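Trainee: Sequence plus predicted model, see below.
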Amino acid sequence: MRLYEYESKEILKEYGLSISRGIVISRDHPEEIEQQDLNPPLVLKAQVPVGGRGKAGGIIKVKNVEEAKRQLLSLFDKNINGYAVQKILLEEEILADRELYLSLSINRQEKSYSLVAGALGGIDIEEIAKSKPDTILKLSISPLRLINNFDVLAISNHLSVPMVRIDPIVRQLFSIAVELDAELVELNPFVIVGNTSVILDAKIIIDDSALFRHPLLNELPPRGKTKEEEEAARIGLSYVSLNGNIGIIGNGAGLTMATMDLLQSKGGHPADFLDVGAGAKSDIFRKSIHLLMKNDRVKVIFVNIFGGLTRGDEVAKGIIEALGSEPPKKPIVVRLAGTNAIEGGELLRKNGVSAYSSPLEAAVSAVSRVGGTP
Amino acid sequence: MIILHKDTQILVQGITGREGTFHTRLMMESGANVVAGVTPGREGSSVESVPVYNTINAALSKHPHIKMSVVFVPPAQCFDAILEAIDAGLQWVTVITEGIPVKDTLWLVNYARYKGSHIIGPNCPGLISPGKTKAGIMPASAFFPGDVGLISRSGTLTYEVGSGLKENGFGVSTAVGIGGDPIVGTSLLEATMMFEADSETNTIVVLGEIGGDMEEELASAIKEGAIMKPVVAFMAGMTAPPDKKMGHAGAILQFGASSAKDKLELLVAAGAHPARTPWEIPDVLKEITQNTISLGK
């Protein structure tokens, strides 16, 4: 789960790091701006869980509070890379000679933590890594040992920042990553002003699989792009909205993605990616069917299941429960194979739902029912 | 076949749970030599005539030749369970559980390497050598014995392809699912190298997907000549949007990373044979087999 900037900064503050002074103003209560006691110049920052907000007009610098009030409402009206602005962070603008970069993340290939320090902060790190690789220092740190003095010294030398300033920041990045199960803690930029270092922008991503042991973070509202994504997150489904009209329910990321790719190759357009995961029981299938039935964009539902932990009879039970005694509002095409697929297929047919064993035939059938030409 | 032999002794952690019990039975029906199970507090009972112990060490004192543990323990208890298996000195730990925090896996994978154990998964279906043995949850009916080595990042896709191979007269030496998490214990390249060294495997099928750079690592190894057996590659997620987790915690097309198309192109440039859908793989294998015959190999 990607935390908003203001949430990330609250965490950094709890860990004793300095952040810019500011207040959070919510969309429904723009009058909250009256409570500010900040010193201009100020900056308005849209709180959206997506990158590139500066380029998309999500950051507005203002000279005084009057100007901030004028710009506030127009920023709430903006759509930043597909996300509505629910909250705005109003902060004191801090000017410094040098903006620096520091991040800690999990390195998939090296199976280690990556500590990255950049002498040029405040800009996209991926671009800098390509255009000025010398400004970046990347340390690979085994999770078996965590952070040591020589690591911090390397960062201190690379950034030309005294040990006493950089040491607490680097160590707290590790504390946050380890204690809160962060996949990424990124400070971009932070600046050295006199005797203190101040973090101007921050991004923390918490591992979704670890939320069960962080009750406070687990209670934060879901941050999907669409209403369906938020509802799916509440049910506990792995769901992504897409633009087409064939609703997909699959099990396993690979098969569900391959189902998307297959439908596309047969002239169809997926409306979603919905992976029920491993070993889903009938209630998950019932809720998944309900979710897609409610979605007006979906004209046909295509269920593609190859069972391992997931059992065909559970799939069938869920679909039948979802339909109840009513005839289906939209055609459902089911393809079942694997564990208990025969039992599931019989159960579906007994209840008037057509079940296929061939994915190709099922895909062609689904595409033809939305009027596509396979 | 790789990793296991027909008679390799297997232990199941979490054997008294619903999935543990269900799949212990199916594993044994597929020929697996499951000799012990572990569930704390349940010592003295048995599941499918397999004796249950409180700890792995207690199981090892009665069955000293256990080589692999298959883990069906819920995510919150997995760190403990996997650590116990590594410290008991088991050579292989196959982790079926989905939803283990990445931090736990990251630490365990490094610790296992340090202690000389190998983790397969987590969030994986395990492996099957059809007609011989099985460790995990792959439906045996989807596979037929043969000379194809099958490696996948996704469980269901492995069954799908195994079943397509079977319908077209191909079989697998071993099918192994390496798992869909961002950090896994056995990489695509490591699994491929095992098939390269396996005398019963003649071709290798790799089912990759978006996220991470294991496919890129494999492409480099093929290019450098480390893998001489023909490799067929499919990449899931050609139509996946960027920056979204597609089901697997590890299946995310991040900025700056290779797309499914990029990965497939890299593998093809290195000499692998592409399949555009999983259902095309048998046709690609037929072409390779025919070419091999016509070259007189």
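Mentor: In hand now; what should we look at?
Trainee: tell me which parts of the stretch 251-374 of chain A are close to chain B?
Mentor: By the rule CB under 8 Å from any CB of the partner chain, the part of the stretch 251-374 of chain A lying against chain B is A:251-258, A:260-262, A:264-265, A:270, A:273, A:275, A:277-279, A:305-309, A:337-339, A:359-360. In short, each C-beta sits where N, CA and C put it, glycine included.
Trainee: Now do the same contact list for residue 94.
Mentor: Since you didn't name a chain, this refers to chain A. By CB atoms under 8 Å, 6 or more residues apart in numbering or on different chains, residue A:94 lies in contact with A:20, A:191, A:193, A:198, A:200.
Trainee: wrong one, chain B
Mentor: Contacts of residue B:94 by CB under 8 Å, 6+ apart are B:68, B:69, B:70, B:71, B:119, B:120, B:121, B:124, B:126, B:127, B:135, B:136.
Trainee: Am I right that it sits in a helix?
Mentor: No - with the criterion set as DSSP: H, G, I helix; E, B strand; the rest coil, the secondary structure at residue B:94 is strand rather than a helix.
Trainee: is it in a bridge, and if so with what?
Mentor: Note on residue B:94: beta-bridge partners residue B:70, residue B:120, judged by DSSP bridges.
Trainee: again with residue A:2
Mentor: Per DSSP bridges, residues listed as beta-bridge partners of residue A:2: residue A:205.
Trainee: was I right about it contacting residue A:49?
Mentor: Yes - Residue A:2 sits in contact with residue A:49 when judged by CB atoms under 8 Å, with a separation of 4.4 Å.
Trainee: Quickly list what's touching both of the two.
Mentor: Both residue A:2 and residue A:49 are contacted by residue A:223, under the criterion CB under 8 Å, 6+ apart.
Trainee: what ranges do the strands span in the stretch 1-150 of chain A?
Mentor: Counting by DSSP state E, counting those that start in this stretch, the segments of the stretch 1-150 of chain A that form strands are A:18-19, A:22-26, A:42-47, A:59-62, A:79-80, A:83-84, A:87-92, A:99-107, A:112-118, A:136-141.
Trainee: Pipe those strands into a markdown table and attach mean neighbour count per row.
Mentor: Output for the strands of the stretch 1-150 of chain A, formatted as a markdown table (neighbours: other CB atoms under 10 Å in any protein chain shown):
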| stretch | mean neighbour count |
| --- | --- |
| strand A:18-19 | 18 |
| strand A:22-26 | 18 |
| strand A:42-47 | 24 |
| strand A:59-62 | 17 |
| strand A:79-80 | 17 |
| strand A:83-84 | 16 |
| strand A:87-92 | 22 |
| strand A:99-107 | 22 |
| strand A:112-118 | 22 |
| strand A:136-141 | 16 |
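Trainee: Looking at those strands, which is nearest to residue B:96?
Mentor: Comparison of the strands of the stretch 1-150 of chain A against residue B:96 by CB to CB identifies strand A:99-107 as nearest, at 22.0 Å.
Trainee: State the phi and psi torsions of the residue most central in space within chain B.
Mentor: Among the residues of chain B, the one closest to the centroid is residue B:177, at 2.5 Å (CA atoms, centre = their mean). With angles defined as degrees, to the nearest 10, residue B:177 shows backbone torsions of phi -100, psi 120.
Trainee: isn't it right up against residue B:138?
Mentor: Yes - taking CB under 8 Å as the contact criterion, residue B:177 and residue B:138 are neighbours in contact, 7.2 Å apart.
Trainee: what touches both of those two?
Mentor: With the criterion set as CB under 8 Å, 6+ apart, the overlap between the contacts of residue B:177 and residue B:138 is B:125, B:126, B:127, B:155, B:158.
Trainee: Which ones, among the residues you listed, also lie beside chain A?
Mentor: The overlap between the shared contacts of residue B:177 and residue B:138 and the neighbours of chain A (CB under 8 Å from any CB) comes to B:125, B:155.
Trainee: among the shared contacts of residue B:177 and residue B:138, which ones are buried?
Mentor: Among these, those buried by neighbour count (16 or more other CB atoms under 10 Å in any protein chain shown) are B:125, B:126, B:127, B:155, B:158.
Trainee: Assign a three-state SS to residue 233, would you?
Mentor: Because you didn't say which chain, this covers chain A. Of the three states, residue A:233 takes helix under three-state DSSP.
Trainee: that's the other chain; I wanted chain B
Mentor: With three-state DSSP as the basis, residue B:233 sits in strand.
Trainee: Tell me who's in contact with it.
Mentor: B:205, B:206, B:207, B:208, B:215, B:264, B:267, B:268, B:272, B:273, B:274, B:275.
Trainee: Within reach of chain A, which of these are there?
Mentor: Among the contacts of residue B:233, proximity to chain A is found for residue B:207 (CB under 8 Å from any CB).
Trainee: Can you tell me which of the contacts of residue B:233 is nearest chain A?
Mentor: Checking the contacts of residue B:233 against chain A with CB to the nearest CB, the nearest one is residue B:207 at 6.4 Å.
Trainee: Around residue 169, how many other residues sit close by?
Mentor: All of this refers to chain A. When neighbours are defined as other CB atoms under 10 Å in any protein chain shown, residue A:169 has 22 of them.
Trainee: That was the other one, I meant chain B.
Mentor: Other residues lying near residue B:169 total 11 when counted by other CB under 10 Å.
Trainee: Quick check: phi and psi on it?
Mentor: Reported as degrees, to the nearest 10, the phi and psi values for residue B:169 are phi 80, psi 10.
Trainee: And it, how close does it get to residue B:161?
Mentor: For residue B:169, the distance to residue B:161 equals 14 Å [CB to CB, to the nearest Å].
Trainee: what do you get for residue A:260?
Mentor: The span separating residue A:260 from residue B:161 equals 17 Å under the rule CB to CB.
Trainee: Between those two, which is the more surrounded one?
Mentor: Higher neighbour count among residue A:260 and residue B:161: residue B:161, with 32 against 29, using other CB under 10 Å.
Trainee: Please list only the buried members of the contacts of residue B:233.
Mentor: Using 16+ other CB under 10 Å, the buried ones in the contacts of residue B:233 are B:205, B:206, B:207, B:208, B:215, B:264, B:267, B:272, B:273, B:275.
Trainee: Could you check how far whichever residue of the stretch 201-350 of chain A sits closest to chain B is from residue B:155?
Mentor: Chain B sits closest to residue A:254 of the stretch 201-350 of chain A, with a gap of 2.3 Å, by CB to the nearest CB. Look at residue A:254 and residue B:155: by CB to CB, they are 8 Å apart.
Trainee: Which residues are in contact with each of these two?
Mentor: residue B:180.
Trainee: What's the local residue count around the residue in the stretch 151-297 of chain B that chain A sits nearest to?
Mentor: Shortest the stretch 151-297 of chain B-to-chain A distance, computed as CB to the nearest CB: residue-wise this is residue B:154, at 2.3 Å. Other residues within reach of residue B:154 by the criterion other CB under 10 Å amount to 33.
Trainee: now swap in residue B:61 and tell me
Mentor: Applying other CB under 10 Å, we find 10 residues neighbouring residue B:61.
Trainee: Please, which helix or strand holds it?
Mentor: With the criterion set as DSSP states H and E, the secondary-structure element containing residue B:61 is helix B:56-62.
Trainee: For that helix, which residues meet the burial criterion?
Mentor: Of the residues in helix B:56-62, those buried by neighbour count under the rule 16+ other CB under 10 Å are B:56, B:58, B:59, B:60.
Trainee: Format the residues you listed as a markdown table; extra columns: pLDDT.
Mentor: Converted to a markdown table, the buried residues of helix B:56-62 look like this (pLDDT from 0 to 100):
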| residue | pLDDT |
| --- | --- |
| B:56 | 98 |
| B:58 | 98 |
| B:59 | 98 |
| B:60 | 98 |
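Trainee: for these, which one is nearest chain A?
Mentor: residue B:56 (21.6 Å).
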